[in-house]
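A.B. asks: structure for the following, please:
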Amino acid sequence: AGDRKMEVNIDGILIATLTFSWIVHIWDLYLTRRQIQLIRSSRDVPVEVRSVYDQETFDKARPYQLDRNQFGCWHDFYSQIVLTITLLLNVLPYSWWLAEQVALYFGLDQEYEISISAIWMVVVSIFNVVTDLPWAVYSVFVIEERHGFNKQTARFFVKDQLKKFFVQQCIMLPVIATLIYIISWGGDYFFVYAWIFCCVISLVLVTIYADYIAPLFDKFTSLPDGQLRIAIEELARSLAFPLTKLYVVENSKRSTHSNAYFYGFFNNKRIVLFDTLLEKGVIPKEDTTTLNESQEDNTTDSDSGTAQPAKDDDIEGKDEVGCETVEGKIPAEVSSEKPQSHEKDTIDRKHEKDATDRKHVGCNTDEILAVLSHELGHWKFSHVLKHLVIGQANLFACLAVFGVLMNQTPVFEAFGFGPDMQPIIIRFVIIFQFVFQPYNEVLSFLVTQLSRRFEFQADRFAQELNRGEPLMSALMKINKDNLGFPIADSLYAAFHHSHPSLVERLRILSGREKQD
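C.D. replies: Residues are numbered from 1 along each chain as shown. Below is the predicted model of the structure:
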């Protein structure tokens, strides 16, 4: 009877995991369908953005956002099916067995758990890359290409993916190996040592990312001397912002999407502007020529692709206005989906023409200063530090709970791992990815709400610097250049948008509506 009871409990764990996962997926699908319906039913440009967002651009943004959202729905459904099959068919235990066989080939038995774990991580990474590659190809070479954003060649894309994979392995494997060692060595208080280690690694990665990792993928050059550089340095001095370097990153070989971010610790802050953010003529012509020539001299590096910043809340990172920050990064969501069938023929005939006719606007000097004033608002209000404290407190709590759960063998038996085959890395993945999923969903929602409040505060800071008007203009131009949709379904945005919609922000900045 006892064995039967344990068997029921084990089955119940797996069923509960899959049930909750599907509930979350269906809820996300419902939210996305709400956003799709809003986009489909919105035919006219909102009054707030008519000064810069013409009807033609709005008509191009609608199919782009519909395509992106429809693609997201199918991609998420595919991922959910893969996850379900993986759990029901015990793919995880099989992948561990496969890693053990590879280790045995090199003369490493089960005593070499760290080495086998490293092999397992590589196996899983290869599986993830292979299964997701068709979706990445479709996203870049069909959707982005159709709407005039993609600038990558097939060679560029392949080199990008390969380099990204190898850089990820070079970072991930030593970190995982050290973490496993700490957990096995640290005794009852291993979670304290593991937390300290993770904090140090996070700080190191954020410190070196833009200086040593990002340049492996994109060309960074110093912002040339001129009016823009002088104005940015003066803005930084007026706020006592410890700016040490100003960069322009060549994003135009990859995409026409625009962005900006700052990063660094203490008295060593740097600002990075995407070349696609800048209005033509903002950088003097002679300096632009020099910049382009230097980039051509290094086409091997720039052709290799880009490393996308991590989606998790980092430490010192990127923040968006339309833009990003590497200090406690909160990436903006880009909604998307496909048009209804009765619209599709007309829209598809326009796509090829739209891709070539759509003109990039960019921001002028005053608008770039307004964007950076918003960014510096995050710094002034210690938003980065607040995200850092929340993130590290959450990590400490999760590691402590992991210490309690890691010896609950029925949990891992539910996922196909018998009592004699429950390595640390497997226990770590199962608990953090599956057991913590309900908690992670709640935390994600709360952090999204906090991030939205931070965005309003940063907007207000820029407004207090008398840059409200150019910030509104910049937001509209960035949104227009990126074919962003200026409005969002309130429920969808509450769960998916760390940044308020364009119309929400313009209403606050213009004084037509007060922030709650």
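A.B. asks: go ahead and confirm Gln168 touches Ile126.
C.D. replies: No. In this structure Gln168 lies outside contact range of Ile126 using Cβ atoms under 8 Å: 11.4 Å. C-beta coordinates here come from the backbone N, C-alpha and C atoms, glycine included.
A.B. asks: tell me which other helices or strands whichever helix or strand Tyr193 is part of touches.
C.D. replies: Under the criterion of DSSP states H and E, Tyr193 resides in helix 190-208. For helix 190-208, the packing partners by 3 or more Cβ pairs under 8 Å, 6 or more residues apart in numbering; DSSP states H and E come out as helix 154-185, strand 316-318, helix 383-405.
A.B. asks: can you report how many residues neighbour the nearest residue to Thr276 once chain neighbours are set aside?
C.D. replies: Among residues not flanking Thr276 along the chain, Ser258 sits closest, at 4.2 Å (Cβ to Cβ, 6 or more residues apart in numbering). The number of residues packed near Ser258 is 24, by other Cβ atoms under 10 Å.
A.B. asks: low pLDDT regions in the stretch 351-500 of the chain?
C.D. replies: Applying pLDDT under 70 to the stretch 351-500 of the chain flags residues 351-360.
A.B. asks: wait, a strand at the residue nearest to Thr276?
C.D. replies: No. Per DSSP: H, G, I helix; E, B strand; the rest coil, Ser258 lies outside any strand segment and is coil.
A.B. asks: moving along the chain from whichever helix or strand Tyr94 is part of, name the first helix or strand you hit.
C.D. replies: Using DSSP H and E, Tyr94 falls within helix 91-105. Following helix 91-105 in sequence order, the next helix or strand is helix 113-138 (DSSP H and E).
A.B. asks: now that next one: buried residues?
C.D. replies: 113-122, 124 (16 or more other Cβ atoms under 10 Å).
A.B. asks: got those as TSV, with pLDDT and distance to Phe71 columns?
C.D. replies: TSV is the format used below for the buried residues of helix 113-138 (pLDDT from 0 to 100; distance: Cβ to Cβ, whole Å):
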residue	pLDDT	distance to Phe71
Glu113	93	40
Ile114	95	39
Ser115	95	39
Ile116	95	37
Ser117	96	34
Ala118	96	34
Ile119	96	33
Trp120	96	31
Met121	96	28
Val122	95	29
Val124	95	24
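A.B. asks: just the closest of those to Ile143, please.
C.D. replies: Val124 (27.1 Å; Cβ to Cβ).
A.B. asks: measure that closest one to Val130 for me?
C.D. replies: Distance, Val124 to Val130, using Cβ to Cβ, to the nearest Å: 11 Å.
A.B. asks: Glu100 now?
C.D. replies: Remark: distance between Glu100 and Val130 (Cβ to Cβ) = 21 Å.
A.B. asks: Glu413 too?
C.D. replies: 29 Å.
A.B. asks: buried sites along stretch 368-383?
C.D. replies: Counting neighbours by 16+ other Cβ under 10 Å, stretch 368-383 gives 368-379, 383 as buried.
A.B. asks: so what touches it?
C.D. replies: By Cβ atoms under 8 Å, 6 or more residues apart in numbering, the residues outside stretch 368-383 that reach it are 228, 231-232, 235-236, 239, 241, 260-262, 269, 271, 273, 277-278, 282, 319, 321-323, 325, 327-328, 363, 384, 454, 457-462, 465, 467-468, 470-471, 473-474, 478.
A.B. asks: elements contacting the longest helix seen in the chain?
C.D. replies: Counting by DSSP state H, the longest helix found in the chain is helix 2-41. Packed against helix 2-41 by the contact rule (3+ Cβ pairs under 8 Å, 6+ apart) you find helix 55-88, helix 409-413, helix 437-464, helix 490-496.
A.B. asks: possible to save these as CSV with distance to Arg40 and mean neighbour count?
C.D. replies: CSV is the format used below for the helices and strands packed on helix 2-41 (distance: least, Cβ to Cβ, whole Å; neighbours: other Cβ atoms under 10 Å):
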stretch, distance to Arg40, mean neighbour count
helix 55-88, 7, 18
helix 409-413, 44, 19
helix 437-464, 24, 17
helix 490-496, 14, 17
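A.B. asks: could you tell me the angle between the host helix or strand of Pro470 and helix 437-464?
C.D. replies: Assigning secondary structure by DSSP H and E places Pro470 in helix 468-481. Between the axes of helix 468-481 and helix 437-464, defined by axes from the mean of the first three to the mean of the last three Cα atoms, to 10 degrees, the angle is 130 degrees.
A.B. asks: quick one: helix 468-481 to chain centroid distance?
C.D. replies: Chain-centre distance of helix 468-481: 22 Å, with Cα atoms, centre = their mean, to the nearest Å.
A.B. asks: over to stretch 57-74?
C.D. replies: Relative to the centre of its chain, stretch 57-74 is centred 19 Å away, using Cα atoms, centre = their mean.
A.B. asks: now the phi/psi pair for Phe149, please.
C.D. replies: The phi and psi values for Phe149, taken as degrees, to the nearest 10, are phi -100, psi -40.
A.B. asks: neighbours of it, how many?
C.D. replies: Neighbours of Phe149 (other Cβ under 10 Å): 21.
A.B. asks: rewinding a little: which one among the buried residues of helix 113-138 gets closest to Leu88?
C.D. replies: Among those, Val124 lies closest to Leu88 (Cβ to Cβ), at 17.5 Å.
A.B. asks: show me what contacts the closest residue to that closest one other than its chain neighbours?
C.D. replies: Leaving out its chain neighbours, the residue that sits closest to Val124 by Cβ to Cβ, 6+ apart is Ser95, at 6.2 Å. By Cβ under 8 Å, 6+ apart, the residues touching Ser95 are 120, 123-124, 127.
A.B. asks: show me what counts as buried in whichever strand or helix holds Ile232.
C.D. replies: Per DSSP H and E, Ile232 falls inside helix 227-238. Across helix 227-238, burial judged by 16+ other Cβ under 10 Å covers 228-229, 232, 235-236.
A.B. asks: now do that helix: everything it contacts.
C.D. replies: Counting by Cβ under 8 Å, 6+ apart, 223, 241-243, 246, 269, 271, 278, 282-283, 365, 368-369, 372-373, 376 sit against helix 227-238.
A.B. asks: now, the residues you listed that are in strands?
C.D. replies: 243, 246, 269, 271 (DSSP state E).
A.B. asks: count the residues that sit near the nearest residue to Ile10 once chain neighbours are set aside.
C.D. replies: Closest residue to Ile10 apart from its sequence neighbours, by Cβ to Cβ, 6+ apart: Ala414 at 4.6 Å. By other Cβ under 10 Å, the residues close to Ala414 number 20.
A.B. asks: residues contacting Ala414?
C.D. replies: So Ala414 contacts 10-14, 17 (Cβ under 8 Å, 6+ apart).
A.B. asks: if I look at Phe148, how far off is Asn267?
C.D. replies: I think there's a mix-up here, since residue 148 is Gly and not Phe. Taking Cβ to Cβ as the measure, Gly148 falls 41 Å from Asn267.
A.B. asks: out of the two, which sits in the busier spot?
C.D. replies: A count of neighbours by other Cβ under 10 Å puts Gly148 above the other of Gly148 and Asn267, at 22 against 9.
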